[in-house]
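>>> requesting a structural model of the entry that follows:
(one chain, ligands or ions: 1)
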Amino acid sequence: MKILMATSEAVPFAKTGGLGDVCGALPLELARLGHQPTLILPAFRQVFDSGLPIESTGLSFEVPIGTKLVHGSLLRCTLPAGNVPVYFVENREYFDRPDLYLQDGRDFPDNCERFVFFTRGVLEAIRLLDLQPDLVHANDWQTALLPAYLKLEYRGVPGYENIGSLLTIHNLAYQGVFWHWDMLLTGLDWKYFNWQQMEFFGNLNLLKAGLVFADRLNTVSPRYAEEIQASPLGCGLEGVLQQRREVLTGIINGVDYLQWNPSCDAHLAVKYNVDTYQQGKRAGKAALQAEMGLPQSPDVPLVAFIGRLTEQKGIDLMGAVMKEWLANRDAQWVILGTGDPVYHELFTMLAERNPQKAALRLEFSNGLAHKIEAGADIFLMPSRYEPCGLNQLYSLKYGTVPLVRATGGLVDTVINATDATLANGTATGFSFADYSGLALSETLDRACQMYVAKKNLWGQLIRTGMKQDWSWAHSACEYVRLYQQTVRQARGSLAGQSA
Ligand code: ADP
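Below is the predicted model of the structure:
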């Protein structure tokens with residue numbers, strides 16, 4: 001099958017979060033399964049900074065954006081870990097900027113225009129590169145207009161008429177909402193600006209357009225696919241999602257075990273596997289404590305967090321619990337993340353007042369993220385919501401016991417340690433349901449007690465987690481099935497129309 005995957009992020013070219021990990025890894029696995037994936041993304045400055053050889057194709061185009069005709073060109077490369085072609089839609093004015101979506105914490109004011117241009121560029125690339133895809137796989141709001149253009153503008157256009165469309169929702173909270181006049185930029189008829197299609201409380205909503213027009217929809221875990229059909233996680237789109245529930249499914253993201261595997265992790269001085277984890281984790285913990293300036297205490301539980309410091313990640317709960325624990329309990333804390341300035345201040349204050357117990361890095365550091373996964377004992381993810389989550393999957397592989405709130409993909413991937421799950425050998429971590437500091441603190445207490453006093457059970461949790469396989473191999477097969485359904489659906493609805 002020929003799959004054109006359109007995305008604004010893909011490792012190693014451009015990444016701000018899990019979307020980049022998924023779009024960098026899934027195509028490699030699809031190629032291994034014998035399919036023909038092609039990636040296409042904007043030629044952001046990050047792409048050129050990746051150090052990879054980006055070449056010109058010599059192909060260029062002009063597309064209408066509102067009343068203007070805007071020039072773009074196509075560049076190319078391949079995914080370094082496999083023979084997957086990657087194309088980039090270039091326009092320096094739109095994409096040669098320090099960040100992907102924002103500056104000084106605020107979205108670029110022309111984000112709608114930038115991604116309308118990118119989407120139109122993808123449609124041009126299909127023709128110019130003669131890609132002949134069976135389907136287009138769009139991802140999140142940045143590419144959500146693709147299904148709409150295919151259905152509304154390209155219906156019946158030779159070369160486009162059989163192309164199916166799948167839209168993956170990586171995080172429903174980000175919808176690409178713009179003021180209504182941006183509808184003009186899309187070039188689509190105002191008649192689609194209604195509450196059942198592209199309008200959302202008086203604004204234009206690009207994600208909603210994709211939800212309405214794609215042949216099939218999926219999100220990144222089965223549980224999140226359920227949760228978004230109701231308030232509050234439906235974020236105002238629960239009605240549309242309920243209407244389209246027949247075509248909405250969930251597939252858990254996989255992990256790229258070439259990148260995230262303690263037995264071959266280039267960031268670790270001492271590598272380890274499920275048989276040697278005791279030495280490996282001891283060394284990893286000592287190295288992490290040294291790097292972060294914490295006392296070298298092998299037996300004090302080391303609790304870690306990596307991620308965006310935003311409300312989604314449950315940072316408010318973590319801040320409250322950490323404050324209390326730093327005052328009263330014997331545990332070390334390591335935090336790596338960037339985000340809301342309020343939390344930067346809070347964690348800076350906590351770390352400065354408790355240098356023996358808490359260490360903080362307000363930055364994006366892939367190398368340190370690997371060292372934290374290896375050196376920590378407990379990985380915290382008290383998320384308010386979590387479409388899939390990747391860090392809990394990395395933690396399982398690194399023998400770092402995840403402690404999560406039971407939401408979204410965290411429910412589907414972490415088995416809470418109870419008497420029953422410990423007895424039947426399925427437990428891999430700890431989870432709590434109530435979004436409250438009390439529930440988090442009690443669960444952390446439960447975990448620390450097991451860590452300190454029940455070493456056998458702790459070892460069992462580690463081994464069960466490390467033996468699990470969350471590689472892309474399984475999830476990619478599920479995507480292939482979904483692609484087949486998408487193509488069938490697209491061709492079926494086409495046949496229905498012409499009948
Ligand atoms: P989300 O996509 O919601 O941000 P995920 O858990 O799905 O969360 O994926 C986050 C990815 O980004 C993981 O690979 C994680 O290690 C990485 N990450 C997030 N923040 C940082 C940071 N400050 N430094 C290094 N890696 C980070």
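>>> got the buried residues for the helix or strand encompassing residue 458?
For residue 458, the host element (DSSP states H and E) is helix 455-467. Using 16 or more other CB atoms under 10 Å as the test for burial, helix 455-467 gives 458, 460-462, 464-466. To be clear about C-beta, it is placed using only N, CA and C from the backbone, and glycine gets the same treatment.
>>> same thing with stretch 425-440?
For stretch 425-440, the neighbour count (16+ other CB under 10 Å) marks 427-432, 435, 437, 439-440 as buried.
>>> now, among the residues you listed, which is nearest to residue 65?
Comparing the buried residues of stretch 425-440 against residue 65 with CB to CB picks out residue 435 as the nearest, at 42.0 Å.
>>> am I right that that closest one sits in a strand?
No. The assignment for residue 435 (DSSP: H, G, I helix; E, B strand; the rest coil) gives coil, which keeps it out of a strand.
>>> so it makes contact with residue 384?
Yes. Taking CB atoms under 8 Å as the definition, residue 435 is a contact partner of residue 384 at 6.2 Å.
>>> list the residues that contact both of these two?
Common neighbours of residue 435 and residue 384 are listed as 314, 405 (criterion: CB atoms under 8 Å, 6 or more residues apart in numbering).
>>> and the top helix by length along the chain with the ligand, contact?
With secondary structure taken from DSSP state H, the chain has its longest helix at helix 472-498. No. On the criterion CB under 6 Å from any ligand atom, helix 472-498 is out of touch with the ligand, staying 13.6 Å away.
>>> where are the low-confidence patches of this structure?
When the per-residue scores of the chain are filtered using pLDDT under 70, the ranges that remain are 494-499.
>>> what residues does it put near the ligand?
17-18, 21, 306-308, 336-338, 364-366, 369, 388-391.
>>> among those, name the ones in helices.
Cross-referencing the residues of the chain next to the ligand with the helices (criterion: DSSP H) gives 18, 21, 366, 369, 391 as the overlap.
>>> of those residues, closest to the ligand?
Lowest distance from the ligand to these (CB to the nearest ligand atom) belongs to residue 18, with 2.7 Å.
>>> from what I can see that closest one touches residue 391, true?
No. Under the criterion of CB under 8 Å, residue 18 is not in contact with residue 391, lying 9.1 Å apart.
>>> for the two, work out which one has more neighbours and name it.
When neighbours are counted by other CB atoms under 10 Å, residue 18 and residue 391 differ, and residue 391 comes out ahead with 25 against 21.
>>> could you measure from the residue nearest to that one when sequence neighbours are not counted over to residue 402?
Using CB to CB, 6 or more residues apart in numbering and skipping the chain neighbours, the partner closest in space to residue 391 is residue 306 (5.7 Å). Residue 306 sits at a distance of 12 Å from residue 402 (criterion: CB to CB, to the nearest Å).
>>> next up, the contacts around residue 143.
Residue 143 makes contact with 6-8, 115, 118-119, 122, 167, 210 under the criterion CB under 8 Å, 6+ apart.
>>> now do the helices in the stretch 251-400 of the chain.
For the stretch 251-400 of the chain, applying DSSP state H, counting those that start in this stretch gives helices covering 277-292, 315-328, 341-353, 366-375, 391-397.
>>> distance to residue 473 for those helices - can I get that in CSV?
Shown next, in CSV, are the helices of the stretch 251-400 of the chain (distance: least, CB to CB, whole Å):
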stretch, distance to residue 473
helix 277-292, 23
helix 315-328, 33
helix 341-353, 37
helix 366-375, 21
helix 391-397, 14
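>>> winner for burial among these?
Neighbour counts averaged per stretch over these are highest for helix 391-397, at a mean of 26; criterion: mean count of other CB atoms under 10 Å.
>>> what's it in contact with?
Counting contacts by CB under 8 Å, 6+ apart, the residues outside helix 391-397 that touch it are 253, 255, 257, 260-262, 306-307, 373, 376, 379, 381, 401-402, 404, 409-410, 413-414, 428-429, 465-466, 468, 470.
>>> C-terminal to that helix, what's the next element?
Going down the chain from helix 391-397, the next helix or strand is strand 401-405, by DSSP H and E.
>>> list the residues that contact the nearest residue to residue 472 once chain neighbours are set aside.
Beyond its immediate neighbours in the sequence, the residue positioned closest to residue 472 (CB to CB, 6+ apart) is residue 254, lying 3.3 Å away. Each residue near residue 254 by CB under 8 Å, 6+ apart is listed here: 25-26, 29, 470-476.
>>> list the buried ones in whichever strand or helix holds residue 409?
Following DSSP H and E, the helix or strand that holds residue 409 is helix 408-413. For helix 408-413, burial by neighbour count (16+ other CB under 10 Å) applies to 408-413.
>>> which helices and strands does that helix pack with?
Other elements packing on helix 408-413 under the criterion 3 or more CB pairs under 8 Å, 6 or more residues apart in numbering; DSSP states H and E are helix 222-227, helix 391-397.
>>> in the stretch 1-150 of the chain, which spans are helices?
Residue ranges of the helices in the stretch 1-150 of the chain, as given by DSSP H, counting those that start in this stretch, are 18-32, 45-49, 92-95, 111-128, 145-152.
>>> which one of the ones you listed lies closest to residue 318?
Taking CB to CB as the criterion, helix 18-32 is the member of the helices of the stretch 1-150 of the chain that comes nearest to residue 318, at 19.0 Å.
>>> next, the contact list for the closest residue to residue 107 other than its chain neighbours, please.
Nearest residue to residue 107 in three dimensions, chain neighbours excluded: residue 101, at 6.1 Å (CB to CB, 6+ apart). Contacts for residue 101 were tallied using CB under 8 Å, 6+ apart; they are 8, 16, 107-108, 111.
>>> if we only consider these, which is nearest to residue 451?
Closest to residue 451 out of the contacts of residue 101 is residue 16 (32.9 Å), distances taken as CB to CB.
>>> hang on, isn't that closest one packed against residue 9?
Yes. The pair formed by residue 16 and residue 9 meets the contact definition of CB under 8 Å, at 6.3 Å.
>>> so what are the domain limits for the protein?
If you go by automatic domain parsing, the domain ranges for the chain are 2-254+473-498, 277-469.
>>> can you lay out those as JSON lines showing distance to residue 270?
What follows is the domains of the chain, written out as JSON lines (distance: least, CB to CB, whole Å):
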{"stretch": "domain 2-254+473-498", "distance to residue 270": "25"}
{"stretch": "domain 277-469", "distance to residue 270": "4"}
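>>> quick one: closest of these to residue 268.
domain 277-469 (5.3 Å).
>>> between the two ends of the closest one, how far is it?
Start-to-end span of domain 277-469 (CA to CA, to the nearest Å) is 17 Å.
>>> good, we can wrap up now.
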